[in-house]
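Asker: Following is a predicted model, sequence given first.
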Number of protein chains: 2
Amino acid sequence: MSGTVYGVGLGPGAQDLLSVRADRLVRGGRHVAYFRKAGRPGQARRIVEGLLRADAIELPMEYPVTTEIPISDPRYNTCLSAFYAECTDRLLAVTDAGEDVVVLCEGDPFFYGSFMHLHSRLTGRTPVEVVPGITGMAGAWNATGMPITWGDDVLTVAMATLPEEELVRRIRDTDALVVMKIGRHLPKLRRAVAAAGRTDTAWLVEHAAMPGQRVTRLADVDTITPYFSILLIHGQGRRP
Amino acid sequence: MSGTVYGVGLGPGAQDLLSVRADRLVRGGRHVAYFRKAGRPGQARRIVEGLLRADAIELPMEYPVTTEIPISDPRYNTCLSAFYAECTDRLLAVTDAGEDVVVLCEGDPFFYGSFMHLHSRLTGRTPVEVVPGITGMAGAWNATGMPITWGDDVLTVAMATLPEEELVRRIRDTDALVVMKIGRHLPKLRRAVAAAGRTDTAWLVEHAAMPGQRVTRLADVDTITPYFSILLIHGQGRRP
């Protein structure tokens, strides 16, 4: 009898924004896996601090260092692919022994997450269940205290890793906007928002739903922001 | 001392997909308000069936019948505006008496929800707190068992109420797609997806995360779908 891999969405960061289902799985999990950078505690693990069973067996999955390899270099994909295959084997070793394992996922597991790379490798080899979560972007627009979309608004979600001209085009052609994976792309993103004429209505949210939460107008941002900050432009659609 | 209005996101439908914070507020709420169509139980109320306190005082807010009035007619907005103003007064009557009131919201309150029309009217008049929720679309892509976005995918969220040519253009110009508010717009949406050449990869999800959940390829859909069904096209972005 094979165990089950649970890919559990933790939501944007606050412990009480886990779903009831996720909360039960995290608290009850005997094997708990999560991604992190080498030598760092990891954001997913930090969210569940204090929730795990005393006898929980933790499986940190440490990303290989890829900062030296350009993302377009085939070695980048090869390196990550080998990493995900190895993580998959570690999870299968648990489920083959008949035990379940909970994989902690920030936000929602099926929305730009690393878990998807395990999910595609695990499918057909062991039972996998995914628990949806509140996305980081929902945490971010909630932090601004303003609705993101009204009426017939079109919402575009884009990554700051896109080319600058592509960003300009997308920002011009949408009512509401979410941009993620910002980090070192902030200068490019600022130029793109300015070229689209929308700097005055753009907001940057850092650490949404966490103690360090900060909401700043893009025009007032002066420091480099962490990788998990989110840029928002709120829609202004129909409102009776 | 004024009470607080809590706009509480309930998530896509399953009770254990409420967040821990939402679950506590719903179970503890003495005054519980929710939207519904006249004579119908209402989807938000249905989600929390069995969770409310025995002595909870319910405030159903029944949408005025607007089916006779075209959405472009100014009387449509006037009618809805008067309704939201009246709902606001009912909530303020509770908070002015020093009591809190929980407003049940399907999905996430700041994402295409009716609560936003109360939020904008309540702000500055009484304390308002919003609890984010798992969106209906996250429930829908979870139901398909496939990630919605990978790598640098662009996600477009659009309403089926948009003009057909606008839908075609949006569907052509995105990696991943979510379309909501489908209902009687299904024939138009089907034509738009076909014109964009994406019928083969489009899915329709009805009653996501609920007992009647149904996931169908758009090509195989033959019946009219309820208003809260969601169309999805999954992104196919970078995956090591």
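Answerer: Yep, it's here.
Asker: Now residue A:204: phi and psi?
Answerer: Dihedral angles phi and psi of residue A:204 (degrees, to the nearest 10) take the values phi -120, psi 130.
Asker: Average pLDDT for the helix ranked longest in chain A, rounded please.
Answerer: Of all segments of type helix in chain A, defined using DSSP state H, the longest is helix A:74-96. Mean pLDDT, computed over helix A:74-96, is 95.
Asker: tell me what it is packed against?
Answerer: Where contact means 3 or more C-beta pairs under 8 Å, 6 or more residues apart in numbering or on different chains; DSSP states H and E, helix A:74-96 is packed against strand A:31-37, strand A:57-63, strand A:101-105, helix A:115-122. In short, each C-beta sits where N, CA and C put it, glycine included.
Asker: Which one, of those, ends up nearest to residue B:131?
Answerer: Nearest to residue B:131 among the helices and strands packed on helix A:74-96 is strand A:101-105; the distance by C-beta to C-beta comes to 20.5 Å.
Asker: Would you mind listing the buried residues in the closest one?
Answerer: A:101, A:102, A:103, A:104, A:105 (16 or more other C-beta atoms under 10 Å in any protein chain shown).
Asker: swap in stretch A:115-123?
Answerer: In stretch A:115-123, counting by 16+ other C-beta under 10 Å, buried: A:115, A:116, A:117, A:118, A:119, A:120, A:121, A:122.
Asker: And for stretch A:161-171?
Answerer: A:161, A:162, A:167, A:168, A:169, A:170, A:171.
Asker: One more: stretch A:211-223?
Answerer: Quick answer for stretch A:211-223 (16+ other C-beta under 10 Å): A:213, A:215, A:216, A:218, A:221.
Asker: and what of stretch A:122-137?
Answerer: A:122, A:126, A:128, A:130, A:131, A:132, A:133, A:134, A:135, A:136, A:137.
Asker: and that stretch, what's its mean pLDDT?
Answerer: Stretch A:122-137 comes out at a mean pLDDT of 98.
Asker: Please see if that stretch touches chain B.
Answerer: Yes. Contact of stretch A:122-137 with chain B (C-beta under 8 Å from any C-beta of the partner chain) involves A:130, A:131, A:132, A:133, A:134, A:135.
Asker: from those residues, which is closest to residue B:144?
Answerer: Distances from residue B:144 to the residues of stretch A:122-137 next to chain B, taken by C-beta to C-beta, are shortest for residue A:130, at 10.5 Å.
Asker: Quick check, that closest one in contact with residue A:119.
Answerer: Yes. Counting by C-beta atoms under 8 Å, residue A:119 is a contact partner of residue A:130 at 7.0 Å.
Asker: overlap in contacts of those two?
Answerer: Common neighbours of residue A:130 and residue A:119 (criterion: C-beta atoms under 8 Å, 6 or more residues apart in numbering or on different chains): A:7, A:109, A:110.
Asker: Tell me who's in contact with residue A:174.
Answerer: A:154, A:155, A:156, A:233, B:156.
Asker: Which phi and psi values does it adopt?
Answerer: The phi/psi pair for residue A:174 (degrees, to the nearest 10) is phi -140, psi 160.
Asker: Quick check: it vs residue A:156, distance?
Answerer: 4 Å (C-beta to C-beta, to the nearest Å).
Asker: residue ranges for the helices of chain A, please.
Answerer: Applying DSSP H to chain A gives helices spanning A:20-28, A:43-47, A:74-96, A:115-122, A:136-144, A:164-172, A:186-195.
Asker: hmm, the shortest one in reach of chain B?
Answerer: Pointing back at helix A:43-47 there. No. Shown here: helix A:43-47 not in contact with chain B (C-beta under 8 Å from any C-beta), separated by at least 12.3 Å.
Asker: what does that helix rub up against?
Answerer: A:10-11, A:13, A:15, A:18, A:34-36, A:58, A:60, A:104-106, A:228.
Asker: wait, which of those is closest to chain B?
Answerer: residue A:18 (5.8 Å; C-beta to the nearest C-beta).
Asker: OK, contacts around the closest one?
Answerer: A:10, A:11, A:26, A:47, A:133, B:19, B:20 are the contacts of residue A:18 under C-beta under 8 Å, 6+ apart.
Asker: circling back: quick one: least confident of the contacts of helix A:43-47?
Answerer: Among those, residue A:228 has the weakest pLDDT, 76.
Asker: What is the nearest of the buried residues of stretch A:122-137 to chain B?
Answerer: residue A:132 (4.3 Å).
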